[in-house]
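> Mind looking at a prediction? Sequence and model below.
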Amino acid sequence: MGVVKVKFSSSVIQIYILVKISLSVGQFINLYHLSPPTLSARSLSEMLDSSNLVTFNGLANSSSYDTFLLDEERGRLLVGAEDHIFSFDLVNINRDFKQIAWPATPSKRDECKWAGKDYGKECSNFIRVLQPYNQTHLYICGTRSLPPHLCLSGNGQESRGIIHLDNIFRLGSLFENGRGKSPYDPKMLSASLLIDGELYSGTSADFMGRDFAIFRTLGDHHPIRTEQHDSRWLNDPRFINVHLIPESDNPEDDKLFLFFKENAMDGENTGKATIARIGQLCKNDMGGHRSLVNKWTTFLKARLMCSVPGVNGIDTHFDELQDVFLMSAKDPKNPVIYAVFTTSSNIFKGSAVCMYNMADIRRVFLGPYAHRDGPNYQWVPFQGRVPYPRPGTCPSKTFGGFDSTKDLPDDVITFARGHPAMYNPVHPIGGRPIMVRTDVDYQFSQLVVDRVEAEDGQYDVMFIGTDMGTVLKVVTIPRESWHDLEEVVLEEMTVFREPTAITAMELSTKQQQLYLGSSLGVSQMSLHRCEVYGKACAECCLARDPYCAWDGTECSRYFPTAKRRTRRQDIRNGDPLSQCRVEDRSVFGVENSSMFLECSPKSQRALIYWQLQKPNDDRKHEIKLDDRVLRTDQGLLIRSLTQSDTGVYHCQAVEHGFIQPLLRLNLQVIPAQKLGDILPGLPGAGGGVGQSAKHRVWYRDFLSLLDHPDLNSVEEFCDRVWKKDRKPKKAKTPNGNDRGKPEGTGAANSASCMLSSINVLISYLFYGVLGPFFFFLLPTLKKCYIFLLYFPSFPNQWFYILEK
C-alpha cells in the first residue's frame, strides 16, 4: 500500500497548526462565536458584474451631485448639481431620467472670476437648497456665482419654481433673492429644511462668508435670524443638518435641532479647536419685543461629544462632525440619532460613529448654562437665579402659558441673549462610539441607517460612505444589553469609478435601494447582496446579515412573515450549530475490511478536520492519523476496520478562523464472525474468518457462490440467508386461520435479496475486472491514485491505493 501525498497551502497549514496547539492543551478553541472574516473591498467591476450596482457617470459640463431629495411617493430621486437639476427613477437611475439646466450667466461667471474665484470650480450655479414646497412644486436655490444669487419658488397657483409632477419636470419663471437661504461659496457647508411654507437655513449671509446665521425665511412671518457678530452664539459654523423633532403632543412645542461644527469659544479650548454642536430653537419663535427683535429668543447650543475614553482621563476626541441621520422610532418625540465624526488632527487620522438619544439631549438643555466668571474668566456652570419661564422654553399652554416670545419678560430675553450655550456636553449612548476606524486610508463622510426586522429582533444596519468612494455595510448587535453594541462589518464596496468623497446618501426602504452622490455622479446599489455569503447554511448564518437567511438551498433575502419559519438566521450570536442541521448518515463496514468516509468542503482553501465520538461517550476525540487511518482531500480512509472504530465521525471544515460542520457519519463495524455465520460452509467461514481475513479480503467469499456445489442459484443463497436463525412462525389470517407460510420467507424477500446479490456481483465484475484494465491505460504520473470500488447495494467500499 502506498501513502497518499497531500499538498497544503500556507494558509491551510497555519489553520492546522492553530488547531493542533489548541488540542495539545486539552481544549478546543471555540471558534463558533467569532465574527466571520471581514470581506475585502469589492471592486467596481465586481459590483457591476453582480448587477447590484447602477452608476450615472454624470454630464461632461456638470459635477457636484451633492443635494438629494427622495420622493418615494412618485418613485423619483431629485438631485441638485452644478448648473443642473436631475430627476432619476428610483428603480433604475439610468432609466428615464430627466434634467433641467440652470446655469449661471456668462457675465456673472466673468464677474466671479474678477472677484478672485476659481472660474472652473466656483463660478457656476451650484444647487444647495432642494426642498418640497407643496404637492406640485419644489423650492430650489443655487449659488449663481455672485450676488444676488437666486431661488425658484412656487405656490401651486402660478408657474413658479420647479413643477414636479409624474410626467412634468420643468423650470418655473419667478426668481427671488437667495440671501439667507443658500451660501455664495459652493464649498461652504449649509443645511436647510422647509416646513409649513417656511424655510429654516443655516448658512452664510454675505459674499465674503463672514456673517453666518440661522435664518427663517418665506411664509407669512417676518424673517428671523441669530444674533449677529456674537461668537457666543455662532463662531464660524459649518452646518451639517437640521431636523424637526416634536417636544410634546402639542405642536406649539415643536423644536428644530441643528447639527453643526464651529470653532471653540474663547476659553473653551486651547487653540483654534473645532467643536461639534447641537442647537435647538422653537418653531414658533417670533423674536423679542424690545430686545432680540427679529432674532431667535429660544436658541441654545451644546457640545456634541464623541470620544474614546483613555487612560488617566485623556480621551481621544472625534470633533469634526460629518453627517447626521435620524432613525425614526414608534414615538416620534424620541428618535435615535446617529452621527459620523472624524478627527481634527492631521497626525492621527480616524473616524467614529456615535449614537444619541433624545432623553440625554433634553437633559443637557435643561441643565446648567455656561457662564464666564472668575479671575481667569473661564467657562463655569451658572449658579445664579434662572428667570421664569426658563430660557429655551417654547411659548405654549404646556409650559408657562405665554402665547408668543414677544410676550416673554425682559429678564428672560436678556438672559437668553447672554447665555446661549449649555455647560454640560451631550454624551453618546454607552459613553463611547459604537464604531471606530483608525489606521486606514479613508475617513467616514456620510451615513444612512436602515432598521431591519430579523428572526431574533430588530437590528440597525449602517451604510457608511467614505472619502475614497467606498461604502461600509455595518450591523450593530447588542452584547449584554442594547446599550452595549458590537459592530460587525458585513461588506465594503466600491461604488464610483475613481476614489472620490461620497457627499450625499439617501435610502429607499420601499425600493430597498441606496443612492449615493459625489463629484463624479450618482450610484445606486441594493441594500442586500445575500449571494456573497456563499452557498452553505453555516456561511450564511455566520455572516450575521439581517437581510439574509438560509432557505434550505441558498442564502437569500429574509422576509419576516409567519409562513417562512423554516428560514435559518441567527444575527445576535451567529451560531450555525443552532440553526444549520448537519447531514447525518449511517454507514456499515465489516471488520478487517477497508472503509472510506467521504467528506469534502466546497471551498478549496478549507481544511477538513475529523473528530470521533465513541458510543456512550459525550466527548469528541481527535482522530489520530497513521498508516491505518489516512486523511485525503475527499475524506477519511480506514484501511483495516476494528471494533474500536465504531462511533460517530464529525467532519468539519476549518477556514478563516471558524469551523463549519459538514457531516456526521455513524459508523457501525460488523464483526467478521457474524459474516461467517451468515455464509456457512463457505471457505474461511465460521471461526476462521477472523484469522483468514488478515490474509485475504472477505468479499472473495461471494466469488465462491459461482462454484459452490450446494448453492445452485442466487435465489437458493437468498433463501438460506433469510431463513438463518429464524424459526418458522405461522401468520394468521383475519379470520384466525393459519396461512401455513413462515413469515419473512415470501417471494418479495427472496426477490429483493436476489436483486441485491446480482448488483453486488455485477459491480464486482465491472470494478474488479474492468477497473484495473482502465488503470493501466492511464498515463504514468508520479502521484498517488485512489480508485473507489463502490457496491451500491452493499454498505461497504473498497479502495486500491497505488503509487508509482
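Great, that's in hand. Numbers count the residues shown, from 1 in each chain.
> Can you report how many residues lie near residue 620?
17 (other Cβ atoms under 10 Å). C-beta: built from backbone N, CA, C; applies to glycine.
> What's opposite the residue nearest to it when sequence neighbours are not counted in the beta bridge?
In space, and not counting its chain neighbours, residue 620 is closest to residue 611: 4.1 Å by Cβ to Cβ, 6 or more residues apart in numbering. Beta-bridge pairing for residue 611 (DSSP bridges): residue 622, residue 650.
> domain parsing for this structure?
Domains of the chain are assigned by automatic domain parsing as 10-33+578-670, 226-440.
> need the strands for the stretch 501-650 of the chain, in chain order.
Along the stretch 501-650 of the chain, counting by DSSP state E, counting those that start in this stretch, strands occupy 504-508, 513-517, 522-526, 548-550, 555-557, 583-590, 595-598, 607-613, 621-622, 629-631, 635-638, 647-655.
> What strands flank the second one, and is each parallel or antiparallel?
Take DSSP bridges as the rule and strand 513-517 pairs in its sheet with strand 504-508 (antiparallel), strand 522-526 (antiparallel).
> low-confidence ranges in the stretch 51-200 of the chain?
Across the stretch 51-200 of the chain, residues meeting the criterion (pLDDT under 70) sit at 145-150, 152-168, 172-174.
> circling back to that earlier point, okay if I get the strands of the stretch 501-650 of the chain as JSON lines plus mean pLDDT and distance to residue 226?
What follows is those, written out as JSON lines (pLDDT from 0 to 100; distance: least, Cβ to Cβ, whole Å):
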{"stretch": "strand 504-508", "mean pLDDT": "98", "distance to residue 226": "26"}
{"stretch": "strand 513-517", "mean pLDDT": "98", "distance to residue 226": "29"}
{"stretch": "strand 522-526", "mean pLDDT": "97", "distance to residue 226": "34"}
{"stretch": "strand 548-550", "mean pLDDT": "91", "distance to residue 226": "47"}
{"stretch": "strand 555-557", "mean pLDDT": "91", "distance to residue 226": "48"}
{"stretch": "strand 583-590", "mean pLDDT": "85", "distance to residue 226": "68"}
{"stretch": "strand 595-598", "mean pLDDT": "92", "distance to residue 226": "75"}
{"stretch": "strand 607-613", "mean pLDDT": "90", "distance to residue 226": "65"}
{"stretch": "strand 621-622", "mean pLDDT": "91", "distance to residue 226": "72"}
{"stretch": "strand 629-631", "mean pLDDT": "93", "distance to residue 226": "74"}
{"stretch": "strand 635-638", "mean pLDDT": "92", "distance to residue 226": "75"}
{"stretch": "strand 647-655", "mean pLDDT": "86", "distance to residue 226": "58"}
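> most packed of those?
By mean neighbour count, with neighbours taken as mean count of other Cβ atoms under 10 Å, strand 548-550 ranks first of the strands of the stretch 501-650 of the chain at a mean of 26.
> Okay, now stretch 204-213: how far is its last residue from its first?
Start-to-end span of stretch 204-213 (Cα to Cα, to the nearest Å) is 6 Å.
> what does stretch 108-119 give?
This stretch, stretch 108-119, spans 10 Å end to end (Cα to Cα).
> Show me which residues of that stretch are buried.
Neighbour counts over stretch 108-119 (16 or more other Cβ atoms under 10 Å) mark 108-109, 111-112, 117 as buried.
> so how far is it off the chain centroid?
46 Å (Cα atoms, centre = their mean, to the nearest Å).
> Check stretch 302-317 too.
Distance, stretch centre to chain centre, for stretch 302-317: 27 Å (Cα atoms, centre = their mean).
> quick one: average pLDDT of it?
Across stretch 302-317, pLDDT averages out at 90.
> Residues contacting that stretch, please?
Contact with stretch 302-317 is made by 259, 275-279, 318-319, 321, 339, 341, 343-344, 348, 350, 352, 354, 356, 361, 364-365, 421-422, 424-428, 431-433, 436, as judged by Cβ atoms under 8 Å, 6 or more residues apart in numbering.
> Using PDB, list the CA coordinates for that stretch.
Taking Å, rounded to 0.1, in the frame of the first residue of the first chain, the C-alpha atoms of stretch 302-317 are listed here in PDB:
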ATOM      1  CA  ALA A 302     -24.500  72.300  23.500                       C
ATOM      2  CA  ARG A 303     -21.400  70.400  22.700                       C
ATOM      3  CA  LEU A 304     -21.900  67.000  21.000                       C
ATOM      4  CA  MET A 305     -19.300  64.600  22.300                       C
ATOM      5  CA  CYS A 306     -17.900  61.600  20.600                       C
ATOM      6  CA  SER A 307     -14.700  60.300  22.200                       C
ATOM      7  CA  VAL A 308     -12.900  57.100  23.200                       C
ATOM      8  CA  PRO A 309     -12.100  57.100  27.000                       C
ATOM      9  CA  GLY A 310      -8.400  56.700  27.600                       C
ATOM     10  CA  VAL A 311      -6.000  56.100  30.500                       C
ATOM     11  CA  ASN A 312      -5.500  58.900  33.100                       C
ATOM     12  CA  GLY A 313      -8.600  60.700  31.800                       C
ATOM     13  CA  ILE A 314      -7.100  61.500  28.400                       C
ATOM     14  CA  ASP A 315      -9.800  60.800  25.800                       C
ATOM     15  CA  THR A 316      -9.400  60.600  22.100                       C
ATOM     16  CA  HIS A 317     -11.900  63.100  20.600                       C
END
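> Helices of the stretch 251-400 of the chain, residue ranges please.
Secondary structure of the stretch 251-400 of the chain (DSSP state H, counting those that start in this stretch): helices located at 358-365.
> buried stuff in the longest strand seen in the chain?
Counting by DSSP state E, the longest strand found in the chain is strand 658-670. Residues 658-665, 667, 669-670 are the ones in strand 658-670 that count as buried (16+ other Cβ under 10 Å).
> same deal with stretch 430-440?
Those would be 432-437, for stretch 430-440 by 16+ other Cβ under 10 Å.
> how far does it sit from the chain's center?
Here stretch 430-440 shows a centroid-to-chain-centroid distance of 17 Å under the convention Cα atoms, centre = their mean.
> ok, residues contacting it?
If you take Cβ under 8 Å, 6+ apart as the criterion, stretch 430-440 is touched by 306-309, 318, 341, 348-355, 428, 443-444, 462, 464, 474, 476, 483-485, 487.
> Show me how to select, in ChimeraX, the buried members of the residues you listed.
To isolate the buried ones among those in ChimeraX, judged by 16+ other Cβ under 10 Å, type:
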select :306,307,318,341,350,351,352,353,354,355,428,443,444,462,464,474,476,485,487
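> residue ranges with poor pLDDT in the stretch 351-500 of the chain?
The stretch 351-500 of the chain contains residues with pLDDT under 70 at 399-400, 481-483.
> now do 80
374-376, 398-401, 479-484 (pLDDT under 80).
> how about the strands in it?
Under DSSP E, counting those that start in this stretch, the stretch 351-500 of the chain gives strands at 370-373, 378-381, 435-438, 444-454, 457-466, 470-478, 485-494.
> Of these, which is nearest residue 406?
Closest to residue 406 of the strands of the stretch 351-500 of the chain is strand 370-373 (Cβ to Cβ; 26.1 Å).
> What pairs with that closest one, parallel or antiparallel?
strand 378-381 (antiparallel).
> quick one: buried residues of the strand it pairs with?
Quick answer for strand 378-381 (16+ other Cβ under 10 Å): residue 379.
> what separates it from the chain centre, distance-wise?
On Cα atoms, centre = their mean, the centre of strand 378-381 falls 44 Å from that of its chain.
> The stretch 101-250 of the chain: strands as residue ranges?
127-132, 137-142, 150-152, 162-164, 169-171, 175-177, 191-195, 198-204, 212-218, 238-245.
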